[in-house]
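> pasting a predicted model and its sequence here:
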Amino acid sequence: MKKGIVTISVALVILVISSISVLFLSGIMKELFQAERRITESIENSYSRLLILSGTNIWQHFLSINAAYWDYIRTADDTGPTALNTEISFNAAINFGLQRTSASNYIVNSLTIFHEGTQKLMSVQFSIIKNGQPYPYSAVVDFGWPGF
């Protein structure tokens, strides 16, 4: 009988110790998941800025090569100088492998929203679509050669 009481008390002590350790580990795991989420958001924000910078480099290269012919490439119709817009899009993807593996697909759209031919000015709006949903960040970049 005495041996049974010792065995039950040892089992209860082990149960209490394991419950306390699970409680501590759950707090640590929660912090790990929050840290992973913050790291993922930081990477995605940096990547979205990199995508917009890549888009501006594409436009700068495109406008540098075709600068003399830009008014012929993009001509205004009857409704005004911003009626006919030029769009450049490209696809990108990023894979995460921290706790789980996930992939995000990005589409970067750039659209001319302003073009003034005499001053050689142009504004281009960049937007990002992530996994089919609009990303909350966008940018408007001005290009041009004023006084040229």
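Structure received.

> helices of this protein, start to end?
2-65, 70-73 (DSSP state H).

> now for Phe90: which residues touch it?
Ser54, Gly55, Ile58, Ile107, Val108 (Cβ atoms under 8 Å, 6 or more residues apart in numbering). Yep, even glycine has a C-beta here, placed from its N, CA and C like the rest.

> er, Ile128 I mean
Ser48, Leu51, Ile52, Tyr106, Ile107, Val108, Asn109, Pro134, Tyr135, Tyr137, Ser138.

> out of the contacts of Phe90, what pair is the most spread apart?
Ile58 and Ile107 (13.7 Å; Cβ to Cβ).

> which stretches of the chain have low pLDDT?
Scanning the chain for pLDDT under 70 picks out 1-4, 66-88, 97-101, 117, 145-148.

> let's see that with 50 instead.
Scanning the chain for pLDDT under 50 picks out 78-79, 82-83.

> so in the protein, which strand runs the longest?
For the chain, the longest strand by residue count, based on DSSP state E, is strand 101-116.

> for that strand, packing partners?
Counting contacts by 3 or more Cβ pairs under 8 Å, 6 or more residues apart in numbering; DSSP states H and E, the secondary-structure elements packed against strand 101-116 are helix 2-65, strand 87-97, strand 121-130.

> before we move on, back to that, need the contacts of Ile128 in TSV with neighbour count and distance to Gln125, can you?
Shown next, in TSV, are the contacts of Ile128 (neighbours: other Cβ atoms under 10 Å; distance: Cβ to Cβ, whole Å):
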residue	neighbour count	distance to Gln125
Ser48	22	15
Leu51	22	14
Ile52	19	10
Tyr106	18	16
Ile107	16	14
Val108	20	11
Asn109	16	8
Pro134	11	13
Tyr135	18	13
Tyr137	15	12
Ser138	13	7
